[in-house]
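[1] okay, here's the prediction I keep looking at, along with the sequence it came from:
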2 protein chains.
Amino acid sequence: MSIGKREFKPDKNKASLSNQIRDHMRARILNQEWQPGEKIPSEFVLANDYQVARVTIRTALRMLESQGLIDIRHGSGAYTTNFGKGIRAGLQELRSISETIREMGFTPGVVIRASELRLPNKAEAEELRISLDENIFYMERAITADGKVVAFSYDTVRITDLSQNVINKFSTGSVFKALEAFGKHPVRAMSEIHAIKSELIGWGPSKPKSGLYLQLKQTHFLRDGFPIMTGSTYFVEGRFQFIIHRTI
Amino acid sequence: MSIGKREFKPDKNKASLSNQIRDHMRARILNQEWQPGEKIPSEFVLANDYQVARVTIRTALRMLESQGLIDIRHGSGAYTTNFGKGIRAGLQELRSISETIREMGFTPGVVIRASELRLPNKAEAEELRISLDENIFYMERAITADGKVVAFSYDTVRITDLSQNVINKFSTGSVFKALEAFGKHPVRAMSEIHAIKSELIGWGPSKPKSGLYLQLKQTHFLRDGFPIMTGSTYFVEGRFQFIIHRTI
DNA sequence: TCTCTATAGTTGTCCTACAACTCTCCGAGT
DNA sequence: ACTCGGAGAGTTGTAGGACAACTATAGAGA
């Protein structure tokens, strides 16, 4: 089936239908298939387009509303919200940076500067709730969009049963995909946000001259509440636009 | 009717039922009537307790899930997350900065540097969706905790029906309280987050030497979707800790 | 021209039913 | 005594239909 210019095929093995539709519609919004401020089709029409029940569409729409992408008005319709341009991400959504970059129409990439198996320091062991003699996987990466660095990342992953070919996965792209490769799906993260100016963070040819970064110091958790990854991502100021939807 | 220790009476004149139930259940979570990590009653039971349809409960639950307060597992149930307390200081909650400061055990204060009625510039008029000949209220403030500045704020308020004594309220403390004084309750805000280094932002005796700020460029909206206030708040790096809860 | 009303369109809520998934418990087999 | 697997109960996900509540618009009437 084709909806707009995009294909939509429900995948039985993956997330729930409403979650798949939410992601599909998010892509349509971010790619401005639906213009900012524009009214999107009614729930009835969408239910027909996607060939699902109206309640399924509603669930997806409420999630998009919670994330600030649309604005639902009783008796009137749902309208996409107005944003600026550039790469942007709702901070409260835990999503792969690479995926976000791809959805914005750029080509994501990863450059690994260093990666190693080593023992954690005290802070890392505490964050990951492991003992000091349990190995962790540490890596330093640069995330790029169309070849230009948008963020530098320093992360440690808790890996009890890590084989070499799984480690290799981390080098090829999204950390989330690599984690999924051995059945670990982080579902939430706690982040501290800081403004940082330092010459020591960036590296490589597209290291920013300003040295100005938005730091996300975060720990990712699995569904059962256990931490799986901790570290800091430094977003180069001006190359990535962060949005937060704040509600009462 | 009594649910837990809390009363719940649907108010026909206010928000939708599911929104009222969402707020009611959020209070139960934040007050730890449901302990962190605990399983909350099933949708069926909640629907009976609140005397509404299951779909209404579901809508409320999905919103709470989007805000990271609960975790819904297919076939199992919904569980409160382990971060009930921390979220309150979180960025995604639209709350008065002064109130947050007070909750953290400091004494909040406000210093007004400038305030005036004037015409909006083009960007301001667009953000507030008003015409260029409609007056706005502009102010420059410093928000303090125990006398030390934690943020500098530059805001414009849309004031169609604003009397002088209401304007005075803005000088005395929380902007939210002042807005409520004439029946305007912002319910959500869209924020861009930036790292900024500038000598032009701060002022007064506790202007930071580093010139490093976390900028929240935000617009506040009323329940009907219309913007009421727009501007930027610059948090002095290191004096205010921002936490954000990210979920899928 | 202006105001009010009828009406069509859209979202909110209700109801019932069943599918899909999770967790526990109990019995068969080793 | 222990392991494994299946049955069954409980819970969330999706379906379909119906009506209530609200909004926007066009048209009638003053």
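    Done, it's in. Just so you know, these numbers come straight off a predicted model, no measurement behind them. Residues are numbered from 1 along each chain as shown, chains lettered A, B, ... in the order given.

[2] and the residue of chain A most remote from its centre, backbone torsions?
    When each C-alpha in chain A is compared with the mean C-alpha position (C-alpha atoms, centre = their mean), A:Gly75 comes out farthest, at 32.9 Å. The phi and psi values for A:Gly75, taken as degrees, to the nearest 10, are phi 80, psi -10.

[3] how many neighbouring residues does the nearest residue to A:Ser198 once chain neighbours are set aside have?
    Nearest residue to A:Ser198, sequence neighbours excluded (C-beta to C-beta, 6 or more residues apart in numbering or on different chains): A:Gly211, at 5.7 Å. All C-beta atoms are positioned from the backbone trio N, CA, C, and that covers glycine. For A:Gly211, the neighbour count with other C-beta atoms under 10 Å in any protein chain shown is 16.

[4] sorry, back to before: distance of the residue farthest from the centre of chain A relative to B:Gly68?
    The gap separating A:Gly75 from B:Gly68 is 30 Å, by C-beta to C-beta, to the nearest Å.

[5] all helices in chain A, in order from the N-terminus.
    Ranges of helices in chain A, per DSSP state H, are A:17-30, A:43-50, A:54-66, A:97-103, A:122-128, A:164-172, A:175-181.

[6] quick one: closest of those to chain B.
    Smallest distance to chain B across these (C-beta to the nearest C-beta): 3.3 Å, for helix A:54-66.

[7] only the buried residues of the closest one, if you could.
    A:Thr56, A:Ile57, A:Arg58, A:Thr59, A:Ala60, A:Leu61, A:Arg62, A:Met63, A:Leu64, A:Glu65, A:Ser66 (16 or more other C-beta atoms under 10 Å in any protein chain shown).

[8] can you name the residues that contact the closest residue to A:Val111 other than its chain neighbours?
    Distances taken as C-beta to C-beta, 6+ apart place A:Ala142 nearest to A:Val111, at 4.4 Å, with adjacent residues excluded. Counting by C-beta atoms under 8 Å, 6 or more residues apart in numbering or on different chains, A:Ala142 makes contact with A:Val110, A:Val111, A:Arg113, A:Val149, A:Ala151, A:Phe152, A:Ser153, A:Trp203, A:Gly204.

[9] who wins for neighbours among these?
    Busiest of these [other C-beta under 10 Å] is A:Phe152, holding 24 neighbours.

[10] excluding chain neighbours, what is closest to it?
    For A:Phe152, the closest residue by C-beta to C-beta, 6+ apart turns out to be A:Tyr234, at 4.7 Å.

[11] that neighbour and A:Tyr213 touch, don't they?
    Yes: A:Tyr234 lies in contact with A:Tyr213 (C-beta atoms under 8 Å); the separation is 3.9 Å.

[12] anything in contact with each of those two?
    A:Phe152, A:Ile196, A:Ile201, A:Gly202.

[13] with pLDDT and distance to DNA strand D added, can I get these in TSV?
    Output for these, formatted as TSV (pLDDT from 0 to 100; distance: C-beta to the nearest atom of the strand, whole Å):
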residue	pLDDT	distance to DNA strand D
A:Phe152	95	36
A:Ile196	92	38
A:Ile201	93	39
A:Gly202	91	41
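
[14] if anything else comes up later, I'll come back, but that's it for now.
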